[in-house]
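In: After the sequence you'll find the predicted model.
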Amino acid sequence: MEQPAAPTAGRALPVPRPLEFRVIRYTLPSIDDLLRLGEPRLDAMSVYLPTEPTPAGRNAALTAVKSAVDEAIQTLRDKGRPRSVEDGLRAEWVALTEDTGLWGNLGRSLAVFLSPGFSEEYVVANAFDERRSFGKHFDLAPLVRAVTTPQDAFALTLSSNGWNLWRATAAARIAELELVGDYADDAADATNRMSIRGRKLLRRLGGDEGQKVLLERYAQVVADAVRSELGRLDPSAGLPLFVFANDPLGSLIQNQDLPWQIELVRGAPDELRPDELDEAVRERIGALNSAEASRRADEIGDGFARGLASIDTAQVARAAVAGAVGTLFYAVDADAKGSLDHGTGEIRFEPDGDDLLTQIALAVLRNGGEVRAVRPNEITAEIWNGRLLAGLRHPLA
């Protein structure tokens, strides 16, 4: 694979760290990772881009990152930073281009964080829009959103020809669950009728009324299997269950009193590929998250008169640093640039500053609070101002 060259203008670059010491992660970061990446740096370059694991996709990704590096280098020159800083950043870029382990294993998206003497990359299944930044902090807003937004869900594909259970997670695309128990394969098997799953032979169940009775029995058998299998993985039934089925089976499953929140997706489940299932689940889980976020925002708003809620950025910043914020909702794309004093909580709005709300969010996480990064239109609560909302642990003095 031909890799974009990085001109050195005749100067010897600092020797980059050996490849074995480079950090490439194939899962989303932990909260500790976010806090580590969120520490201030003099020169921090961040790039997010969608990727494809193909030769053309690898070349496109390399070109996009190189373009971001070139912009960062120009920024350093415009600021009059020492030449050694420019060389240090370029050395990390050169080492990145030579890392065949990274470019040979791209996923759905790539996040790159570079600064002189530092490099960290995330190859993830999340769909990130392309964005880049260069400043005193890494741009962590997309990762904070990915980490703090519920993305785990179960799925059931169900037809008279058979059924399967699936699980989608924040770290990986949907995958079929390996079942522990031994269950009926399809409708005929569940009702002691002749059928071979996956083959063309399938005896009719016989008459509309008879077929309805048999499908009801089939739905009961599948529901019992779902209770057994998902009960082990999610005993509190906290994750949603997307059921891909046509009626009458879809409605019959809904009537089985399963403890999970069921979201019925009508269609032909036998024809769906895993990637299509994954896309359908992630498209619909957003509506569930939006409804839950709006409900919780309303609850936080109920405490406003008692001093237990705030939508004032400066007040929330001070509360975040002091450990007084229990829950924070903030708009991941809000135009709020500036700096945060991590000692006093004082903020300063600066047009060329870094993402101020994400700095506040990291302060909340650092003090054990909960953060949810949202799009402005994902919350419909009356108190929501489209920027941020904090639920406070106690009234501020």
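Out: Ah, there it is.
In: ok, the residue nearest to L42 when sequence neighbours are not counted - contacts?
Out: In this structure, L42 finds its nearest non-sequential neighbour in K136, 6.6 Å apart by Cβ to Cβ, 6 or more residues apart in numbering. For glycine as for every other residue, the C-beta is placed from the backbone atoms N, C-alpha and C. By Cβ atoms under 8 Å, 6 or more residues apart in numbering, the residues touching K136 are P40, R41, L42, D43, A44, S339, D354.
In: Please, a PyMOL command that selects the buried ones among those?
Out: Selecting only the buried members of the contacts of K136 in PyMOL, with burial defined as 16 or more other Cβ atoms under 10 Å, works like this:
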select buried, resi 41+43+44+339+354
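In: any idea how far P269 is from the closest residue to W103 other than its chain neighbours?
Out: The shortest distance from W103 to any non-neighbouring residue, by Cβ to Cβ, 6+ apart, is to R58 (4.9 Å). Relative to P269, R58 is positioned 34 Å away (Cβ to Cβ, to the nearest Å).
In: More neighbours: these two, which one.
Out: P269 (23 against 20; other Cβ atoms under 10 Å).
In: Please report the distance of the residue positioned nearest the centre of the chain from T157.
Out: Closest residue to the average C-alpha location of the chain: A146 at 2.8 Å, with Cα atoms, centre = their mean. Here A146 is placed at a distance of 26 Å from T157 (Cβ to Cβ).
In: L392 now?
Out: 44 Å.
In: same deal with R393?
Out: From R393 to T157 the distance is 44 Å (Cβ to Cβ).
In: Pick out whichever of the two has more residues nearby.
Out: T157 (22 against 17).
In: Mind telling me what element that one is part of?
Out: strand 153-159 (DSSP states H and E).
In: Quickly run through the sheet partners of that strand, with directions.
Out: strand 162-168 (antiparallel), strand 241-244 (parallel) (DSSP bridges).
In: Next secondary structure after the helix ranked longest in the chain?
Out: Longest helix in the chain, counting residues (DSSP state H): helix 274-301. The first helix or strand that comes after helix 274-301 along the chain, using DSSP H and E, is strand 309-310.
In: mean confidence for that following strand?
Out: For strand 309-310, the mean per-residue pLDDT is 97.
In: tell me the contacts of W166?
Out: By Cβ under 8 Å, 6+ apart, W166 lies in contact with F154, A155, L156, T157, I174, A175, E176, L177, P274, L277.
In: Equivalent analysis for L114, please.
Out: By Cβ under 8 Å, 6+ apart, the residues touching L114 are A44, M45, V69, A72, L89, E92, W93, L96.
In: And it, how far from V47?
Out: From L114 to V47 the distance is 8 Å (Cβ to Cβ).
In: From I347, how far off is the closest residue to K337 other than its chain neighbours?
Out: Counting by Cβ to Cβ, 6+ apart, K337 lies nearest to G353, which is 4.2 Å off, once chain neighbours are set aside. According to Cβ to Cβ, G353 and I347 sit 10 Å apart.
In: Overlap of the contact sets of the two?
Out: Shared contacts of G353 and I347 (Cβ under 8 Å, 6+ apart): G338, S339.
In: Which of the two has more residues huddled nearby?
Out: A direct count of neighbours by other Cβ under 10 Å for G353 and I347 places I347 higher, at 23 against 18.
In: So that one sits against G338, correct?
Out: Yes - using Cβ atoms under 8 Å, I347 is in contact with G338, at 5.7 Å.
In: so what sits against both of the two?
Out: With Cβ under 8 Å, 6+ apart as the test, I347 and G338 both reach L356.
In: Let me see the domain layout of the chain.
Out: For the chain, automatic domain parsing gives the domain ranges 19-148, 153-291, 302-392.
In: among those domains, which gets the worst mean confidence?
Out: domain 153-291 - the lowest mean pLDDT of these, at a mean of 83.
In: Quick one: end-to-end length of that domain, please.
Out: 16 Å (Cα to Cα, to the nearest Å).
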